[in-house]
Structure formats: structure tokens, C-alpha cells
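Participant: task: produce atomic coordinates for the following.
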Amino acid sequence: MPDHQSNSTLPSSTDVLIVGAGPTGLALACALHSQGVDYVLVDRAASSAVHSRAAAVHARTLESLATIGAADALIAKGRPGRSFTARDGERSVIHTPFDELDTPYPFVLAVPQQTTEEVLEERLAELGGTVHRRTTLLALNELFPGMNALVSSEETGEVRALRARWVVGCDGLHSTVREQSGIPFVGHEKPHNFALIEFTMDWSGPEGEITFFFSPAGLLAVSHLQGETYRAVALVDDDTPAPDDAAVQALLDARGPSAAGAKVGEIRMSSIWRVRHRLADTFGEGPVFLVGDAAHVHSPVGAQGMNTGLQDAFNLAWKLAAVAKGEAGPELLRTYNAERRPMAQGLLAFAAQLHDISTMSDP
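Facilitator: Predicted coordinates:
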């Protein structure tokens, strides 16, 4: 295994160039490192994202994270959600317990994406890997049998060529890998905005429940993170600014758990997110692959985006490892697109339906 300890020194070649060190890129790097595959992981940011959109890790994702030794550390920093409930005010309309799921992790883990990234980066360091930060992909050109990548280092000011047998775009909605590869990203924006808020709250509501509150005023989804911190997702009007404490209190009073006497404390994160539904025409084009938001984006309702991206990463990792080590032929890599794109396509259809149901205001 080549030495990945130096954050400033990029090699001239590698088996796998991973662009983007969000959850999917970090998980892919951990999985490849665990299987003895040479890789380079780059990200143009100086550190992991401070504000997060994803806040739930599902059972199947935890099973996958366990294979790289990251599940227990993540669970220790999150709060297990033992059930899902849809409510009309205080009245329970749908209640789904997770206790009987056939898994070692019969819950949905409520944990901010930032924490997931921190745990994965710590695990990568434990394995002996690192992230080459402040390093930007400028261009990709095919150089049979792989790709030639031009990357710039903000730290050194250098532009260098890096030859990779495969390139994996884990670089999100505005993926440079996808754009450089000319892969269309087809879709549309939904005519709705969501507020994403993390805040402290004094609340005597049901413990361990992930709750969707439906009301004529709009959807409010509430989950309990660690300590006194809660995460809320709320449908808001187009011109709504990021909510302050008074606005969050008003959302809770109008839509949420009024009988439980919810009282907002400190706002720790507040942002507005416009919903997009997009799907790449292919998740694999020759030696280039797309993972996570670079390949598919959709409504946050249902908390499926990051989980699906992580499953993309684990699906691709073992296949890259098998081909890199000569245990399988290159045709195995074609099954990544064949398996993961239909999954994402079905998820987008499901998320769009759930989004439309969640945004109905007619009683």
C-alpha cells in the first residue's frame, strides 16, 4: 500500500482518483484502503462541511459502515430513532416501529452529516490514509487505459498531472468530474423550498421518534439528535429567509407538537434549500464513475440521499478492488451502472411522490 500520509505531496499516478471528500468519497477511500487498493482522495475545501443537510443513517448503511470499522463510532455520536410517526397535529396517522427489522441496527440513526464526515475521516486516518485538501480538479482527459487529471494545489500553487486507472466523482451536485466527462444531468427543480434547522429545544414529546407533522400550514419533520439538539425540516415560501429562533418557534406552534409544549432555545444551524430532482444519464462512462449527489439528487423528504450515495460507494468499492487485483475482469465494473442507476431512478420517483404528498396543503 503506497503511503498516503502526506497531505501536500501528490503522486504522479494511482489506481483510483477520488474527487470529493464528503461522506461518499471518504467511505470509498476507507473501503479501497481496507482492500489494499491504491487511491488518491482530493477535495478543494480546507475542511469538512460545517453545515449539513443529511441527518439520518439507515440500518443498511450502518451495516456497510461496519465493514470498514466506522459504525460503532458513528452510533456513539448519534441518537437511535426507534420509530417513524406521521401526525396530523397530535393525532398519529401512521406509526412504523423499527425494532423488528432483521438487522444488528434496528433503528434510524439521527446524526448530522458533519459528524458522519468527521467519523469517516478519523477512520481513514486510523487506516493510514488522508485527504489531499485544498486540491482542485481542473480537467480530465482520456489517456488509455485510464485518465489524465490536471489538479491544482492551493497549498503549493502547483498544477500537476495525475494519471489514474479510474476516476470517481464524489463531488456533489455541481460535479466537475461529471461535467468534464460530458455526462448529462437531467431533471428539474421542484417549486418548493425547505428550511433546514438544527436547534436546542425543551420538549416533552415522544422520545426516540422521527416525526412528520402534516398541517394546512405545511410539512414539519422533527428528529432528535444528541443532547438537547433537534433537527427540523420545514416547507417554506420562496422568499423565506433562514429562520431565526422566533421563526422556528412560530413553525413549531403552527405545525408541530403544540401539546408537548415545545420551546426553542439556541439556533445552531439554519439554511434554505431549494429542491432539485436530477439523475445522470449514466453512472459509469469508460474509466469514470459517479457516486452520490454527483449522480442523483432529490427531495430531502425521506432522508435517502446520503444513504443511497454511501451504498453507491460500497457497491463500487469491491468491484474496483476485484478488478484492480486481477480477481475479476473489467466487465464487472459495468454492473455498477446496471445496478445503481435503476435504484436511484426508483428512489427519485419515490422521493418525488413523497415530496408531493408532504407538500399538499389541502386538508
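Participant: low-confidence stretches in this protein?
Facilitator: Flagging of the chain using pLDDT under 70 yields the residue ranges 1-8, 50-52, 188-191, 258-260, 299-303, 350-363.
Participant: do that again at 80, thanks
Facilitator: 1-8, 49-54, 89-90, 188-192, 205-207, 257-261, 274-276, 299-305, 347-363 (pLDDT under 80).
Participant: in stretch 30-48, what's buried?
Facilitator: 30-34, 37-44, 48 (16 or more other Cβ atoms under 10 Å). To be clear about C-beta, it is placed using only N, CA and C from the backbone, and glycine gets the same treatment.
Participant: er, stretch 225-242 actually
Facilitator: Applying 16+ other Cβ under 10 Å to stretch 225-242 flags 225, 229-236 as buried.
Participant: any idea which element the most centrally placed residue in the chain lies in?
Facilitator: In the chain, the residue lying closest to the centroid (Cα atoms, centre = their mean) is residue 306, at 2.5 Å. Taking DSSP states H and E as the definition, residue 306 sits inside helix 305-324.
Participant: that helix - contacts with which helices or strands?
Facilitator: strand 13-19, helix 23-34, strand 56-57, helix 59-66, strand 159-169, strand 296-297, helix 334-358 (3 or more Cβ pairs under 8 Å, 6 or more residues apart in numbering; DSSP states H and E).
Participant: centre of the chain to it, how far?
Facilitator: Centre-to-centre, helix 305-324 and its host chain are 13 Å apart (Cα atoms, centre = their mean, to the nearest Å).
Participant: same check on stretch 178-193?
Facilitator: 17 Å.
Participant: would you mark the buried spots in that stretch?
Facilitator: 178, 180-181, 183, 185, 187, 190, 192-193.
Participant: residue 192 should be in a strand, yeah?
Facilitator: Yes. Residue 192: assigned to a strand according to DSSP: H, G, I helix; E, B strand; the rest coil.
Participant: show me where the stretch 51-200 of the chain has helices.
Facilitator: 59-66, 71-76, 113-127, 176-180 (DSSP state H, counting those that start in this stretch).
Participant: any chance of the ones you listed in a markdown table with distance to residue 266 as columns?
Facilitator: Shown next, in a markdown table, are these (distance: least, Cβ to Cβ, whole Å):
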| stretch | distance to residue 266 |
| --- | --- |
| helix 59-66 | 29 |
| helix 71-76 | 23 |
| helix 113-127 | 17 |
| helix 176-180 | 37 |
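Participant: out of those helices, which is closest to residue 202?
Facilitator: If you check each of the helices of the stretch 51-200 of the chain against residue 202 by Cβ to Cβ, helix 113-127 wins as the nearest, at 22.6 Å.
Participant: kindly export that closest one (C-alpha atoms) in PDB.
Facilitator: The C-alpha trace of helix 113-127 is given here as PDB (Å, rounded to 0.1, in the frame of the first residue of the first chain):
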ATOM      1  CA  GLN A 113     -23.800  14.800   8.200                       C
ATOM      2  CA  GLN A 114     -20.900  16.800   9.500                       C
ATOM      3  CA  THR A 115     -20.400  14.200  12.300                       C
ATOM      4  CA  THR A 116     -20.600  11.400   9.700                       C
ATOM      5  CA  GLU A 117     -17.800  13.000   7.700                       C
ATOM      6  CA  GLU A 118     -15.700  13.500  10.900                       C
ATOM      7  CA  VAL A 119     -16.100   9.900  11.900                       C
ATOM      8  CA  LEU A 120     -15.200   8.700   8.400                       C
ATOM      9  CA  GLU A 121     -12.200  10.900   8.100                       C
ATOM     10  CA  GLU A 122     -11.000   9.800  11.500                       C
ATOM     11  CA  ARG A 123     -11.400   6.200  10.400                       C
ATOM     12  CA  LEU A 124      -9.500   6.800   7.200                       C
ATOM     13  CA  ALA A 125      -6.600   8.300   9.300                       C
ATOM     14  CA  GLU A 126      -6.700   5.200  11.600                       C
ATOM     15  CA  LEU A 127      -6.300   3.100   8.500                       C
END
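Participant: outside of that helix, which residues touch it?
Facilitator: 21-23, 26-27, 29-30, 33-34, 41, 48-55, 57, 68-70, 73-74, 77-78, 130-131, 306 (Cβ atoms under 8 Å, 6 or more residues apart in numbering).
Participant: give me the angle between that helix and helix 59-66.
Facilitator: Interaxial angle, helix 113-127 versus helix 59-66 (axes from the mean of the first three to the mean of the last three Cα atoms, to 10 degrees): 30 degrees.
Participant: show residues contacting stretch 335-345.
Facilitator: Here stretch 335-345 has contacts from 279-280, 282-284, 289, 295-296, 308, 311-312, 315-316, 319, using Cβ under 8 Å, 6+ apart.
Participant: please redo it, this time with the cut-off set to 6 Å
Facilitator: The contact list for stretch 335-345, computed with Cβ atoms under 6 Å, 6 or more residues apart in numbering, reads 282-284, 296, 312, 315-316, 319.
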